[in-house]
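**Student:** Give me coordinates for this.
(chains A and B)
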Amino acid sequence: AQSVTQLGSHVSVSEGALVLLRCNYSSSVPPYLFWYVQYPNQGLQLLLKYTTGATLVKGINGFEAEFKKSETSFHLTKPSAHMSDAAEYFCAVSPMNTGFQKLVFGTGTRLLVSP
Amino acid sequence: NAGVMQNPRHLVRRRGQEARLRCSPMKGHSHVYWYRQLPEEGLKFMVYLQKENIIDESGMPKERFSAEFPKEGPSILRIQQVVRGDSAAYFCASSPPDRGPTEAFFGQGTRLTVV
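**Tutor:** Now for the predicted structure:
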C-alpha cells in the first residue's frame, strides 16, 4: 500500500532561518504530490502540488518543493521562516492506482518558529 | 464563492447517540470526500461520493458509519451509536467533476467529542 513518511514530528527553527520539512513516499509509479498547512483548529490549506512537468514547484507564502523521483522525495523548503509559518504541515500523495482520486497523508510535522 | 462549509464546527455526543456531520461543497463542485483525523495523526480517507452515488467507501468502518450526497442539499456523514474512539476531527473536501484531489478544497472540519 502507498505510504507517506514525514521525518520529524516537530521541527524548530529561528525566525529568518531556512525551513526544511522532509517527505518521502513509497511507490513504483510517481503519484501526484501535495503539501498542506493546517493552523490550529482550522482546515487544510493547499500550499503546493506536483502533478507533471517541472519538478521544482513554487507555492504560496514563499514555500517551494522539489520532486526527486530517484529519491522518492518531495521535501518542502522556505528560505526564511516567519513567525506566521508556525503550523502543522502535511505531505500527501494521490496514487495512480486510485485513479488519483484519494489522498494518502503523512502524519504531519509541526513547525515551531522562535524569535 | 463561499468555500466548503461544514457544520457544526464542534459536536459533543454521549456514547450511544448519533452524530450527523454536514458538508456543503463549493459551488460547481459535485464530488465530495470525507477524511478523519485522529489526535496526533494525519488524515485518513473515508469515503468519496458524487451526487447520489458512493464511488469509493473503502476507508469507512464497516459498522455504524454511513455517508450520502443527495441530489439536493449537503453531504451527510452519519455515525450511529458513537463510541469514545470516534472522537476526531472530520474533514470534508470538494472538487469539480473529474478533477479529484488536484483541485479539491477542504472545509474547516467538524470536531466530534464523545463523552
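
**Student:** what are the phi and psi values for A:V13?
**Tutor:** Main-chain dihedrals, A:V13, degrees, to the nearest 10: phi -140, psi 160.

**Student:** Tell me how many other residues crowd it.
**Tutor:** Using other C-beta atoms under 10 Å in any protein chain shown, A:V13 has 18 neighbouring residues. C-beta: built from backbone N, CA, C; applies to glycine.

**Student:** Who are the contact partners of it?
**Tutor:** Going by C-beta atoms under 8 Å, 6 or more residues apart in numbering or on different chains, A:V13 touches A:19, A:81, A:111-114.

**Student:** Please name the residues that touch A:K68.
**Tutor:** Contacts of A:K68 (C-beta under 8 Å, 6+ apart): A:55, A:74.

**Student:** actually A:K49, sorry about that
**Tutor:** Per C-beta under 8 Å, 6+ apart, neighbours of A:K49: A:32-35, A:57, A:59, B:102.

**Student:** which of those residues has the most neighbours?
**Tutor:** Result: A:F34 is most packed of the contacts of A:K49 (other C-beta under 10 Å), 29 neighbours.

**Student:** Assess the claim that that one and A:P95 are in contact.
**Tutor:** No: shown here, A:F34 and A:P95 do not form a contact pair, counting by C-beta atoms under 8 Å, at 11.9 Å.

**Student:** tell me the pLDDT at the residue in chain B that chain A sits nearest to?
**Tutor:** Here the residue of chain B nearest chain A is B:G42; by C-beta to the nearest C-beta that distance is 3.6 Å. Predicted confidence (pLDDT) for B:G42: 82.

**Student:** give the contact list for it.
**Tutor:** Per C-beta under 8 Å, 6+ apart, neighbours of B:G42: A:4, A:90, A:92, A:105-108.

**Student:** and of the residues you listed, the nearest to B:Q108?
**Tutor:** A:F90 (15.2 Å; C-beta to C-beta).

**Student:** count of neighbours near the closest one?
**Tutor:** With other C-beta under 10 Å as criterion, A:F90 counts 25.

**Student:** From chain B, how far out is it?
**Tutor:** Applying C-beta to the nearest C-beta, to the nearest Å, the value for A:F90 to chain B is 6 Å.

**Student:** Correct me if wrong: that residue contacts A:Q45.
**Tutor:** No: assessed by C-beta under 8 Å, A:F90 is found out of contact with A:Q45, at 10.3 Å.

**Student:** Which neighbours do these two have in common?
**Tutor:** Overlap of the contact sets of A:F90 and A:Q45 (by C-beta under 8 Å, 6+ apart) consists of A:36-38.

**Student:** The residue of chain A found nearest chain B bridge partners, please.
**Tutor:** Residue of chain A nearest chain B, by C-beta to the nearest C-beta: A:F105 (3.6 Å). Going by DSSP bridges, A:F105 is paired in beta bridges with A:A92.

**Student:** Good, wrapping up.
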